[in-house]
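Trainee: Mind looking at a prediction? Sequence and model below.
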Amino acid sequence: MDKDTASFIIYIIHKIARRNSLAPSQVYRLLNKTECISKYLVPCYDVLHTMSADAVADNALLWVKNHGEQI
């Protein structure tokens, strides 16, 4: 993972954390547990970074929900 991708993922983690009044570490653990980072955010970075942060956050939350977890 390069620097731009890592910065993007950190930004999305913080976006989700702020929207849901959670610590970024909690969001990271949940995204990591459901493999959202490794199977969605990193591989799709080229497309996702052109979308709004809100849309990416919504998609990540949908991923989490579809993998049996809740925020």
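Mentor: Structure received.

Trainee: quick one: the lengthiest helix in the chain to chain centroid distance?
Mentor: Under DSSP state H, the helix in the chain containing the largest number of residues is helix 3-19. Relative to the chain's own centre, helix 3-19 is displaced by 7 Å; criterion: CA atoms, centre = their mean, to the nearest Å.

Trainee: For the helix or strand following that helix, list every residue counted as buried.
Mentor: For helix 3-19, the succeeding helix or strand toward the C-terminus, using DSSP states H and E, is helix 24-33. Buried residues in helix 24-33, defined by neighbour count with 16 or more other CB atoms under 10 Å: 27-28, 30-31. Just so you know, the C-beta spots here come from the backbone N, C-alpha and C atoms, and that holds for glycine as well.

Trainee: Name the nearest of these relative to residue 10.
Mentor: residue 28 (8.8 Å; CB to CB).

Trainee: Now do the closest one against residue 12, distance only.
Mentor: Distance, residue 28 to residue 12, using CB to CB, to the nearest Å: 10 Å.

Trainee: same question, residue 36
Mentor: From residue 36 to residue 12 the distance is 9 Å (CB to CB).

Trainee: shared neighbours, these two?
Mentor: Listed as contacting both residue 36 and residue 12 by CB atoms under 8 Å, 6 or more residues apart in numbering are residue 60.
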